[in-house]
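[1] The following comprises the amino acid sequence and a computationally predicted model.
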Amino acid sequence: MRELLERHGLRADKGFGQNFLVDEGVLRSIVAAAELGPQSTVLEVGPGLGVLTRELAARAGRVISVELDRRLLPVLQETLAGLGNVTLVHGDGLTFDLSCLPEGSAMVANLPYNVGTPILVRALESGRFARVVVLLQREVAERLSATPGTPAYGALSVVVAHFGRARSVRLVKPSAFSPPPEVTSSVVRLDLTPGRAPDPALFRLVRHAFAHRRKTLKKNLLMAGYPAERVARALQTLGLEAQVRAERLSVEQFRALRQELEGG
Ligand SMILES: C[S@@+](CC[C@H](N)C(=O)[O-])C[C@H]1O[C@@H](n2cnc3c(N)ncnc32)[C@H](O)[C@@H]1O
């Protein structure tokens, strides 16, 4: 890897979140969790030097790799040479048109940490993916798979639960990357419910509910402008205590709360 970068006169750029994977065990865990086959279409955001891309290409029918850093394109042309099922795109994972992917695609990526969460949420909202396997900071990974009542549970956990189920596959030490990041990372696998569309009203309610974590759900909703009488009635109908905090509610309870607040 060092030789490759030197030959192209390059250094990893922190601004692009470039921490290249050098641990083969981690690479194998990511690919195994994705459960790819010859029918699979895979989107990879941020192929970097192409290490993961090559593994994906060996298992999937088609791989579309979107890299933002223009300097890496000649490197990728070299490392991916001869792989006929890889389409390399110079583009931004935050704006790439996901509608070109067939429904039921997979996203597999060692995400750039600075934009990992918005890239992931966008993928969930697109409705194009049946499975997502991503490597990101442990702290974010814990929020994705957190269950109600646990410290990491928050608005992101509820949004993810709306779309499907997330589980942590394994932790990854900083030494698995070059250069090493400052924090521990985690491989997360998300299995998504087919046909689940984004629900903007639900997501808005969830954002309001978690706006001030130390305040009760009721206080948060009042501060967001929901009428007091309606909030009190909704909590009562759902059998929730007036003092309950948002972190106690499952996605199903948030859906029911939204209906009560809208219908009341
Ligand atoms: C953590 S590195 C992973 C590289 C490689 N996949 C690996 O595992 O070694 C993140 C990669 O995403 C690229 N990147 C950063 N921001 C991006 C964006 N908005 N869209 C697409 N790629 C991006 C970086 O240039 C870098 O190649």
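    Cool, the structure landed. Numbers count the residues shown, from 1 in each chain.

[2] from memory residue 198 sits against residue 125, does it?
    Yes. Applying Cβ atoms under 8 Å, one finds residue 198 in contact with residue 125, separated by 4.5 Å. In this view, the C-beta of every residue, glycine as well, is placed from N, C-alpha and C.

[3] residue ranges of the helices in the protein, please?
    Counting by DSSP state H, one finds helices in the chain at the ranges 2-7, 24-34, 51-59, 73-79, 116-126, 138-145, 155-163, 200-209, 217-223, 228-237, 251-263.

[4] out of those helices, deepest packed?
    Ranked by mean neighbour count, the helices of the chain are led by helix 155-163 with a mean of 22 (mean count of other Cβ atoms under 10 Å).

[5] what's near enough to touch the residue in the chain positioned nearest to the ligand?
    Nearest residue of the chain to the ligand: residue 46, at 2.1 Å (Cβ to the nearest ligand atom). Counting by Cβ atoms under 8 Å, 6 or more residues apart in numbering, residue 46 touches 16-17, 66-68, 93, 109-112.

[6] circling back: and the helices of the chain, which one is worst for confidence?
    Of all these, mean pLDDT reaches its minimum on helix 2-7 (a mean of 90).

[7] Only alpha carbons, please: show that helix as CSV.
    Taking C-alpha atoms only, helix 2-7 is exported to CSV below (Å, rounded to 0.1, in the frame of the first residue of the first chain):
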residue,chain,number,x,y,z
ARG,A,2,2.8,2.4,0.9
GLU,A,3,4.6,1.6,-2.3
LEU,A,4,1.4,2.2,-4.3
LEU,A,5,0.8,5.6,-2.7
GLU,A,6,4.4,6.6,-3.1
ARG,A,7,4.5,5.6,-6.7
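
[8] Can you name every helix or strand that it contacts?
    Helices and strands touching helix 2-7, by 3 or more Cβ pairs under 8 Å, 6 or more residues apart in numbering; DSSP states H and E, are helix 73-79.

[9] for the helix it packs on, packing partners?
    helix 2-7, helix 51-59, strand 62-67, strand 86-90.

[10] could you dump the ones you listed to JSON lines with distance to the ligand?
    As requested, the helices and strands packed on helix 73-79 are exported to JSON lines (distance: least, Cβ to the nearest ligand atom, whole Å):
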{"stretch": "helix 2-7", "distance to the ligand": "12"}
{"stretch": "helix 51-59", "distance to the ligand": "5"}
{"stretch": "strand 62-67", "distance to the ligand": "5"}
{"stretch": "strand 86-90", "distance to the ligand": "9"}
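
[11] for residue 187, what are its contacts?
    26, 29-30, 33, 133-135, 141, 168-170, 172.

[12] just to revisit the earlier point, out of the contacts of residue 46, which are buried?
    Buried subset of the contacts of residue 46 (neighbour count, 16 or more other Cβ atoms under 10 Å): 16-17, 66-68, 93, 109-112.

[13] Turn those into TSV, columns for pLDDT.
    What follows is the buried ones among the contacts of residue 46, written out as TSV (pLDDT from 0 to 100):
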residue	pLDDT
16	96
17	95
66	98
67	98
68	98
93	98
109	98
110	98
111	98
112	95
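
[14] Of these, which is the nearest to residue 129?
    The closest of the buried ones among the contacts of residue 46 to residue 129 turns out to be residue 109 (Cβ to Cβ; 11.3 Å).

[15] The closest one against residue 48, yeah?
    No. In this structure, residue 109 is not within contact of residue 48 by Cβ under 8 Å, at 9.9 Å.

[16] got the residues of the stretch 1-150 of the chain near the ligand?
    Within the stretch 1-150 of the chain, the positions near the ligand by Cβ under 6 Å from any ligand atom are 16-21, 45-48, 51-52, 66-69, 72, 92-94, 110, 112, 115.

[17] Kind regards, and thank you for your time.
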